[in-house]
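Student: I'd like to go over a predicted model; first the sequence, then the structure.
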Amino acid sequence: MFPTSTQKKHWMFKDEEDIANRRRETNRRFIDKHGAEMSEEKRAEFFLTPSEEKIVAQYYECHLRDFCKAFQPPMPKAVSGTASHYFKRFYMHNSVMDFHPKGILVTCVYLSCKVEEFNVSIGQFVANVKGDKEKATDIILNNELTVMHGVHYHLTVHTPFRPVEGLLIDIKTRCPSLQNPDRLRPIIDEFLEAVFFTDAVLLFAPSQIALAAILYAVSRVQENLDAYVTSELLASAARPQLQALVEAVRKIRLLVKTVEQPQRDVVKQLERKLDKCRNQENNPESQAYKRRMREMLEDDDDVPSYKVARVDSDS
Amino acid sequence: MKSSGTCPQCDVPLRRNGFRVQLFEDAGVEKDIDIRRRILREFNKQEEEFATLREYNDYLEDVETIIYNLVNGIDVLATNKKIEAYKRDNRESIVRNRARGRTEEDELDEILQMENELNEERAREEQERLQAEKRNKVQKKEALIDELMTSYGDAKKIVASHTKVAEPEAPVAPKPRPKPTQFSSGVRIGSTRLPAVPIVPQDEGEPFVYAAPELAMDGPAAPDSERLSADGYLSHIKRVGDAERAGGYAASLGCLRALQEGMAGLLFFPGADG
């Protein structure tokens, strides 16, 4: 249930400004760490700005959607929804420059398959990835813990898909005047898909997003559910609460309306910049990454021999 | 070989597995022991069961008389009748005392076992001490020889100094840690019997009071499960197959979950309350 979830406790933000502030903070932290010896102008030129980071992330969210849609065997909507949540949550506290979204997005999907009980093996999974399968396997498995840590191990995600089903059942039961509510489904799905390109899932409860999607679909087919909402669904709610909900629904619809896909050429340019300024320790193709991995492996080897030495000196 | 037959002299039925090696020279003693064992299996009353010592002693005397009679073939018929009557009258107490007798034997066994362990421990310690001493001696001897070999001093002096050093050294063997023989609860390891004194339960705290869990909704309440079919909610969801029902699934479960999730959080506004 959403009201008792970590999603409500840790991943609901006050407003868009709140989210923007956090992203700025994340961006500043990365630049402070990796650009310590640079001048202010050089920094601005060399690193991505928060808004540029957002564009890159958005571009990869489109990728995530396409990847999930083309996935074989076809996956339930909740899997892609959860993956999208992970992706957004991860980049709240991690910079795009720290971890390249290319690797994180597939890892998010892989993790979400597990959490949503959509059972695919890693072999089956990487069959959907273009390019070198073995490398993809390595990247996914190496990043899995990073992603889990990045979402603070809050793995249960409440997506709007089930609330849509619940509200449709309720509408069919308590509002029989609406003809054939199932014809709304394609429009609802389209709306929800667009919702995941916005930050709405970090601002509103899944049921509110579901309600917004249904109301949007109803208005698209020239119907009206206002009577149902005010006198059936929320008959017990106080007036100001109802007002607030109406406002929330309006905001969700506005967010969806204003969503824009990032321009291809802009992203191309930003990616070139990103390739230079990204944290090389997390780039699997860089020397720094390989060195780090080797050191980690050697550390692992060192531990047992150290223990043996200690036992010897004790006896 | 036949496993049973009758005695050629007195026609008493004998069994092959009834025979055993004679322990005592006098067959009469052997017979006495056999009969005593058999009788005491039934006549197993304890002193506590009698009101006075006098009665208990009378009972013991009776038992002795019976045994004596049987051993010596006096009044066998009457005595056997007496035994039968006693068995009939005291069946319950016999069974009870047999069980108790066993626990007493167990306790004795345990004490014996403990003593054995103690003895073993002592023997082991002694042996270790001896070994350490031996080792010590060998070491000293080697040291002496080494010194004699390498030193240019007077051999007599060296020998004297070594014997002097050897004197005061008393072997201080490190006391080995005693093997754990009982659990922290006081039950001996390996013992299946509980200790005579039951473990007194510690402070258990406040007794549990059931309080119905409160469902946080942040929104309108979903219909409760009784109303689902009455209000017609169930007619709008997928039919549940027999296989699913056999697994414990009911249409109301999925329906209620969807409804609850659809309504939970509808009135949740993070901006409003910070």
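Tutor: Yep, it's here. Numbering: from 1, shown residues only, chains lettered A, B, ... in the order given.
Student: can you name the residue of the stretch 101-250 of chain A nearest chain B?
Tutor: Per C-beta to the nearest C-beta, A:Gly166 is where the stretch 101-250 of chain A lies closest to chain B, at 2.6 Å. The C-beta positions use only the backbone N, C-alpha and C, and glycine is treated the same way.
Student: check contacts around the residue lying closest to that residue once chain neighbours are set aside.
Tutor: The shortest distance from A:Gly166 to any non-neighbouring residue, by C-beta to C-beta, 6 or more residues apart in numbering or on different chains, is to B:Gly262 (2.6 Å). B:Gly262 makes contacts with A:Arg162, A:Pro163, A:Val164, A:Glu165, A:Gly166, A:Leu167, A:Ile169, A:Asp170, A:Ser207, A:Ala210, B:Ala222, as judged by C-beta atoms under 8 Å, 6 or more residues apart in numbering or on different chains.
Student: can you tell me the number of residues neighbouring residue 48?
Tutor: All of this refers to chain A. 21 (other C-beta atoms under 10 Å in any protein chain shown).
Student: switch to chain B, that's the one I care about
Tutor: Each residue near B:Glu48 was counted by other C-beta under 10 Å, and the total is 6.
Student: that one in helix, strand or coil?
Tutor: Under DSSP: H, G, I helix; E, B strand; the rest coil, B:Glu48 falls in the helix class.
Student: chain A versus that one, what's the distance?
Tutor: Distance from B:Glu48 to chain A, counting by C-beta to the nearest C-beta, to the nearest Å: 58 Å.
Student: would you tell me what helix or strand the residue of the stretch 151-274 of chain B found nearest chain A is located in?
Tutor: Proximity to chain A, evaluated over the stretch 151-274 of chain B using C-beta to the nearest C-beta, is greatest for B:Gly262 at 2.6 Å. Using DSSP states H and E, B:Gly262 sits in helix B:251-263.
Student: and that helix, how far from the chain's centre?
Tutor: Centre-to-centre, helix B:251-263 and its host chain are 53 Å apart (C-alpha atoms, centre = their mean, to the nearest Å).
Student: pLDDT on that helix, on average?
Tutor: Across helix B:251-263, the average pLDDT comes to 89.
Student: so B:Gln5 is in which element?
Tutor: Careful, residue B:5 is Gly; it's not Gln. Here B:Gly5, judged by DSSP H and E, is contained in strand B:4-6.
Student: what about A:Ala227, distance to B:Ser225?
Tutor: Remark: distance between A:Ala227 and B:Ser225 (C-beta to C-beta, to the nearest Å) = 27 Å.
Student: ignore what I typed, I meant B:Asp34.
Tutor: Applying C-beta to C-beta to B:Asp34 and B:Ser225 gives a distance of 75 Å.
Student: with A:Lys172 instead?
Tutor: For A:Lys172, the distance to B:Ser225 - C-beta to C-beta - is 18 Å.
Student: have a look at these two and say which one is more surrounded.
Tutor: Each of A:Lys172 and B:Ser225 has its neighbours counted (other C-beta under 10 Å); A:Lys172 has more, 18 against 13.
Student: alongside chain B, which residues does the stretch 1-150 of chain A contribute?
Tutor: Applying C-beta under 8 Å from any C-beta of the partner chain, one finds that the stretch 1-150 of chain A approaches chain B through A:Met1, A:Phe2, A:Pro3, A:Thr4, A:Lys8, A:Met12, A:Phe13, A:Lys14, A:Asp15.
Student: pretty sure the first one contacts B:Leu259?
Tutor: Think A:Met1. No. Applying C-beta atoms under 8 Å, one finds A:Met1 not in contact with B:Leu259, separated by 11.7 Å.
Student: compare the two (neighbour count), which wins?
Tutor: B:Leu259 (24 against 15).
Student: tell me which element A:Phe30 is part of?
Tutor: helix A:16-34.
Student: in that helix, what counts as buried?
Tutor: A:Glu16, A:Asp18, A:Ile19, A:Arg23, A:Thr26, A:Asn27, A:Phe30, A:Ile31, A:His34 (16 or more other C-beta atoms under 10 Å in any protein chain shown).
Student: give me the distance between the nearest residue to the last one once chain neighbours are set aside and A:Arg22.
Tutor: Okay, so that is A:His34. Among residues not flanking A:His34 along the chain, A:Asn279 sits closest, at 6.5 Å (C-beta to C-beta, 6+ apart). According to C-beta to C-beta, A:Asn279 stands 19 Å off from A:Arg22.
Student: repeat that for B:Glu47.
Tutor: In this view, B:Glu47 and A:Arg22 are 85 Å apart by C-beta to C-beta.
Student: same check, this time on A:Ile55
Tutor: With the distance defined as C-beta to C-beta, A:Ile55 ends up 17 Å from A:Arg22.
Student: how does chain B divide into domains?
Tutor: B:7-89, B:225-263 (automatic domain parsing).
Student: I should have written chain A there, sorry.
Tutor: Using automatic domain parsing, the domains assigned to chain A come out as A:5-157+A:261-277, A:161-257.
Student: turn those domains into a markdown table, columns for distance to B:Ala243 and mean pLDDT.
Tutor: Output for those, formatted as a markdown table (distance: least, C-beta to C-beta, whole Å; pLDDT from 0 to 100):
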| stretch | distance to B:Ala243 | mean pLDDT |
| --- | --- | --- |
| domain A:5-157+A:261-277 | 19 | 90 |
| domain A:161-257 | 22 | 90 |
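Student: single out the most deeply packed of these.
Tutor: Among the domains of chain A, ranked by average contacts under mean count of other C-beta atoms under 10 Å in any protein chain shown, first place goes to domain A:161-257 (a mean of 19).
Student: and it, how far from the chain's centre?
Tutor: Computed by C-alpha atoms, centre = their mean, the chain-centroid distance of domain A:161-257 equals 22 Å.
Student: just stretch A:105-112 next, same as before
Tutor: 10 Å.
Student: who's in contact with it?
Tutor: A:60-61, A:63-64, A:67-68, A:71, A:79-80, A:82-84, A:86-87, A:90, A:118, A:122, A:125, A:129, A:136, A:139-140, A:143-144, A:146-148, A:155, A:157.
Student: can stretch B:246-255 be found next to chain A?
Tutor: Yes. Using C-beta under 8 Å from any C-beta, stretch B:246-255 reaches chain A at B:Cys255.
Student: which bits of chain B sit near chain A?
Tutor: So chain B meets chain A at B:215-222, B:231-233, B:236-237, B:255, B:257-272, B:274 (C-beta under 8 Å from any C-beta).
Student: now the buried members of those.
Tutor: Buried among the residues of chain B next to chain A by 16+ other C-beta under 10 Å: B:217-220, B:222, B:233, B:236-237, B:255, B:258-271.
Student: could I have stretch A:231-246 exported to PDB, CA atoms only?
Tutor: Extracted in PDB, the C-alpha atoms of stretch A:231-246 (Å, rounded to 0.1, in the frame of the first residue of the first chain):
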ATOM      1  CA  SER A 231     -20.200  12.600  -5.100                       C
ATOM      2  CA  GLU A 232     -19.100   8.900  -5.300                       C
ATOM      3  CA  LEU A 233     -15.400   8.500  -5.200                       C
ATOM      4  CA  LEU A 234     -14.700  11.400  -2.900                       C
ATOM      5  CA  ALA A 235     -18.000  11.800  -1.200                       C
ATOM      6  CA  SER A 236     -16.400  11.700   2.200                       C
ATOM      7  CA  ALA A 237     -13.600  14.200   1.500                       C
ATOM      8  CA  ALA A 238     -13.700  17.700   2.800                       C
ATOM      9  CA  ARG A 239     -14.000  20.600   0.300                       C
ATOM     10  CA  PRO A 240     -10.400  21.900   0.500                       C
ATOM     11  CA  GLN A 241      -9.000  18.400   0.000                       C
ATOM     12  CA  LEU A 242     -11.200  18.000  -3.000                       C
ATOM     13  CA  GLN A 243      -9.900  21.300  -4.300                       C
ATOM     14  CA  ALA A 244      -6.300  20.100  -3.800                       C
ATOM     15  CA  LEU A 245      -6.900  16.900  -5.600                       C
ATOM     16  CA  VAL A 246      -8.400  18.800  -8.600                       C
END
